[in-house]
Structure formats: structure tokens, C-alpha cells
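Q: sequence and predicted model, in that order:
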Amino acid sequence: MLDPVLGFQTAIRQTLIASPDVTALVEPKNIRAGGGRPDKLPSVLFSNAQTEYLGRTAGSQRAARVFLTLHMWAQEDGADTARQIGAAVSDALEFGPLKNGEIFVDEWHKPSVVWVRDPQPNLTLTHGAMSLEAVIRWKV
């Protein structure tokens with residue numbers, strides 16, 4: 001794996017798509033990497049990836065602390081839909097991403113989320129930004 005945050009992002013996406021509560025609110029094709037406002041709503045977009053390499057571990061493995069921001073977008077309807085998506089995502093990620101064989105999660109920090117109203121009021125979108133952080137290992 002060339003970039004550990006991509007493995008982490010894949011594991012997060014697989015976890016969200018495997019959650020019936022998440023996919024009841026967001027189509028799997030709208031859970032993806034991307035920046036800015038989404039073209040399809042509701043959606044969960046991954047951005048602001050950051051990697052802090054921690055070095056080598058036993059068994060020809062490497063370790064890194066990875067950070068990822070999930071942006072949850074929905075049409076504003078009293079903010080209910082976006083907050084329901086946030087709750088479903090939080091529940092799905094309560095104990096970290098599902099095991100996928102590519103990465104091993106050694107340390108998982110509970111997600112935190114901030115809700116903001118779209119700065120362009122005519123778009124009436126609700127936006128939540130959820131911060132994820134983990135220490136992962138992978139084989140070289």
C-alpha cells in the first residue's frame with residue numbers, strides 16, 4: 001500500500017456501506033472521496049486526509065496515525081436528515097472500521113462532529129464535518 005490513508009478511507013467506506021442505517025439515508029454511490037459541495041444529495045464525502053508516519057513495526061509492517069474528515073451533506077429540512085446521517089455514521093463507526101485485511105487498527109478515537117449551515121443560504125444545505133483519527137498498521 002503506497003498511502004495508508006487510502007487503506008483507512010477504504011475501510012471506512014466499506015463500514016458505512018455495510019451499515020443498513022447509513023445506506024437507508026445515503027446511497028452507497030454517494031459515499032465517496034471528494035471535495036466541495038456534492039452534486040448529489042444526501043452524501044458523505046471524504047477529504048482532508050493526513051498521515052503521520054510512525055515507523056516500522058514487527059513482521060515487516062509499518063504504522064501511521066491517520067486523520068480523515070467526513071463531510072455529511074443533506075438538503076436542509078430542519079437539519080433532521082443531516083443529523084440522522086451523522087447519528088447513523090457515528091453508530092457505524094463507534095468501534096472503528098470493519099476489518100478488511102489491508103489495515104489493522106491499533107488505536108481508534110471516537111468521532112467528533114460539527115454542524116454548520118451552508119454559507120450560501122439560497123442552497124439550503126446542512127453540512128456536518130466529522131473528524132476521524134486512528135493509528136493503523138499495514139504490511140509492506
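A: It's in.
Q: spit out the contact partners of residue 6.
A: Counting by CB atoms under 8 Å, 6 or more residues apart in numbering, residue 6 touches residue 49. (C-beta placed from N, C-alpha, C; glycine too.)
Q: name the residues of the helix or strand encompassing it that are buried.
A: Using DSSP states H and E, residue 6 maps to helix 4-17. Neighbour-count burial for helix 4-17, with 16 or more other CB atoms under 10 Å as criterion, is recorded at 4-17.
Q: can I get that helix in CSV? Just the C-alpha atoms.
A: C-alpha atoms of helix 4-17 as CSV (Å, rounded to 0.1, in the frame of the first residue of the first chain):
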residue,chain,number,x,y,z
PRO,A,4,-2.0,4.3,4.3
VAL,A,5,-4.8,6.9,4.5
LEU,A,6,-6.3,5.4,1.3
GLY,A,7,-6.5,2.0,3.0
PHE,A,8,-8.1,3.7,6.0
GLN,A,9,-10.6,5.5,3.7
THR,A,10,-11.5,2.3,2.0
ALA,A,11,-12.1,0.6,5.4
ILE,A,12,-14.3,3.5,6.5
ARG,A,13,-16.3,3.4,3.2
GLN,A,14,-16.8,-0.4,3.5
THR,A,15,-18.0,0.1,7.0
LEU,A,16,-20.5,2.8,6.1
ILE,A,17,-21.8,0.8,3.1
